[in-house]
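**Q** here is a sequence with its predicted model. Questions after.
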Amino acid sequence: MVEADDVLSLASQIPKGSVSTYRLLAEALGRKTFARFVGMALSRNPNPVKVPCHRIVRSDGHVGGYKLGVVKKIRLLREEGVEVKSGMIAEFKKHLFKKFITR
DNA sequence: CCTGGGGCAGCCG
DNA sequence: ACGGCTGCCCCAG
């Protein structure tokens, strides 16, 4: 059974300056159809300090949504060194983190 | 480019 | 507790 906490646990593994995707988290959970649920789980638990939800974007490199406002999400990413242009992550692949520790 | 359907844990009535 | 709808999405058409 996959729970919201599993999502948060994976999300917190993303290092500063990197980004990952809803899809990758879903796959790390072993359920590639969970992308939507991943977003909801992050939204449900707004813990900006422990869980950097702003580092999670859509699989096509588009920024995606953010409970506290997309504008804020973009600002946070920029502060960490990830440039966002026209709603897209610049050099998406370069910043992409996908080595999640699962168990 | 836009549209629709899928998937399922949570939220809300 | 019960059922229906939703959601920080994804992909095929």
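**A** Perfect, I can see it now.

**Q** hmm, residue A:34 is touching residue A:3, no?
**A** No: between residue A:34 and residue A:3 there is no contact under C-beta atoms under 8 Å: 11.1 Å. Every C-beta, even on glycine, is put in place using the N, C-alpha and C of the backbone.

**Q** the two - which one has more neighbours?
**A** Neighbour comparison, residue A:34 and residue A:3: the larger count goes to residue A:34, with 21 against 11 (by other C-beta atoms under 10 Å).

**Q** separation between the residue nearest to residue A:36 when sequence neighbours are not counted and DNA strand C?
**A** In space, and not counting its chain neighbours, residue A:36 is closest to residue A:22: 7.7 Å by C-beta to C-beta, 6 or more residues apart in numbering. Distance, residue A:22 to DNA strand C, using C-beta to the nearest atom of the strand, to the nearest Å: 4 Å.

**Q** is it true that residue A:22 touches residue A:41?
**A** No: using C-beta under 8 Å, residue A:22 is not in contact with residue A:41; the gap is 9.9 Å.

**Q** show me the shaky parts of chain A.
**A** A:46-49 (pLDDT under 70).
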